[in-house]
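Asker: just a sequence and a predicted model for now, questions to come.
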Amino acid sequence: MTQFTTNGITLAFDDFGPREAPPIVLVHGFSSNRNENWRRVGWYGTLERRRLRCLAFDSRGHGESDKPHDPAAYARESLVGDIFALMDHAGIAKADLMGYSMGARLALAAALARPERLHNLIIGGVGGRMFEASPPGNPMADAMDADDPNAISDPLLRSFRHFADEQGEDRKALAACARAQHGSFDRDALAQLRVPTLVVAGARDALAGDPEILAHAIPGARAITLPGCDHFSAIPHALFKATVFDFLDGSLE
């Protein structure tokens, strides 16, 4: 395991592939980690075969990185800052950036904050629901805090909780991350984004919604819907991988 520390937070990461190759940074989803979101489902191997330099890290609160229990530690600016701190640590001035679900939201925020540091942006597991207001209360945090996961009535929240338990994640840290309440994105800000963008979501992904709605808000963005996929099954799908590489190659029609 490789680590570095930024603003008092130690983050675990992997850095593989030829150092002279084009770099891509991967940002995983909520309650996941770099191993589960990317390595286990074949992304590492696919990226290696494409001879790209890949940096994948565990976001604070996840995996092998530090796990503060204070929601203030998970402000969007801090999570986005971790992405650029990793690039700085690795000596990378500009990279492609790919995120999934929570990681996609962070990747999009990073593109809005520092577009000059990105070649391309790939956001998966997100769509039109990104523009909707958060539900009342904090059901995701409540799901992480629940004593009995089987008592969680919402099937999607129950899935996230079971997933977190299966990965051995720190539920108090995840609850704190959820309580940071990062909010929705502003369409006017997205209309100013000039980073080439690909939006990908499963056709059955109720958490993401329609990727076309989000892509329409970003100038020149492309949207791809993965048939038959929900929020979780889209990640390892071969069409997701093929679409990403077609996009990076400039051959996506």
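Answerer: Received it, and whenever you're ready, just let me know what you need.
Asker: just the pLDDT for Val195.
Answerer: Looking at Val195, its pLDDT is 97.
Asker: against Ser101, how distant is it?
Answerer: Noted for Val195: a distance of 19 Å to Ser101, by Cβ to Cβ, to the nearest Å. Glycine gets a C-beta too; all of them are placed from N, C-alpha and C.
Asker: the more surrounded of those two?
Answerer: Using other Cβ atoms under 10 Å as the criterion, Val195 and Ser101 rank with Ser101 on top: 27 against 23.
Asker: ok, that one touching Val27?
Answerer: No. Taking contacts as Cβ atoms under 8 Å, Ser101 lies outside contact range of Val27: 9.4 Å.
Asker: give the contact list for the nearest residue to His162 once chain neighbours are set aside.
Answerer: Once flanking residues are discounted, His162 sits nearest to Pro149: 5.8 Å by Cβ to Cβ, 6 or more residues apart in numbering. By Cβ atoms under 8 Å, 6 or more residues apart in numbering, the contact set of Pro149 is 143, 158, 161-162, 165.
Asker: okay, now the unreliable bits of the stretch 1-150 of the chain?
Answerer: Scanning the stretch 1-150 of the chain for pLDDT under 70 picks out nothing.
Asker: ranges for the strands of it?
Answerer: Counting by DSSP state E, counting those that start in this stretch, one finds strands in the stretch 1-150 of the chain at the ranges 2-6, 9-16, 23-27, 53-57, 95-100, 118-124.
Asker: extract the residue ranges of the stretch 151-253 of the chain that are flagged as low pLDDT.
Answerer: Residues of the stretch 151-253 of the chain meeting the criterion pLDDT under 70: 181-182, 253.
Asker: break down it into its helices, ranges please.
Answerer: When secondary structure is read from DSSP state H, counting those that start in this stretch, the stretch 151-253 of the chain shows helices at 155-167, 171-179, 187-190, 211-216, 238-249.
Asker: of all those, which one comes closest to Pro115?
Answerer: For Pro115, the closest of the helices of the stretch 151-253 of the chain is helix 187-190, at 11.3 Å, according to Cβ to Cβ.
Asker: now for that closest one, which elements pack on it?
Answerer: helix 102-113 (3 or more Cβ pairs under 8 Å, 6 or more residues apart in numbering; DSSP states H and E).
Asker: please repeat the previous calculation with a cut-off of 10 Å.
Answerer: helix 102-113, helix 211-216 (3 or more Cβ pairs under 10 Å, 6 or more residues apart in numbering; DSSP states H and E).
Asker: got the end-to-end distance for stretch 205-220?
Answerer: Terminal residues of stretch 205-220 are spaced 23 Å apart (Cα to Cα, to the nearest Å).
Asker: give the buried residues for it.
Answerer: For stretch 205-220, burial by neighbour count (16 or more other Cβ atoms under 10 Å) applies to 205, 207-215, 217-218.
Asker: which of the residues you listed sit farthest apart?
Answerer: Once Cβ to Cβ is applied, the buried residues of stretch 205-220 give Leu207 and Ile218 as the farthest pair, at 19.4 Å.
Asker: re earlier: including mean neighbour count, could the strands of the stretch 1-150 of the chain go into JSON lines?
Answerer: Output for these, formatted as JSON lines (neighbours: other Cβ atoms under 10 Å):
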{"stretch": "strand 2-6", "mean neighbour count": "14"}
{"stretch": "strand 9-16", "mean neighbour count": "18"}
{"stretch": "strand 23-27", "mean neighbour count": "26"}
{"stretch": "strand 53-57", "mean neighbour count": "24"}
{"stretch": "strand 95-100", "mean neighbour count": "26"}
{"stretch": "strand 118-124", "mean neighbour count": "23"}
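Asker: okay, the helices and strands packed on helix 187-190 in a markdown table with distance to Pro236 next?
Answerer: Below are the helices and strands packed on helix 187-190 laid out as a markdown table (distance: least, Cβ to Cβ, whole Å):
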| stretch | distance to Pro236 |
| --- | --- |
| helix 102-113 | 15 |
| helix 211-216 | 18 |
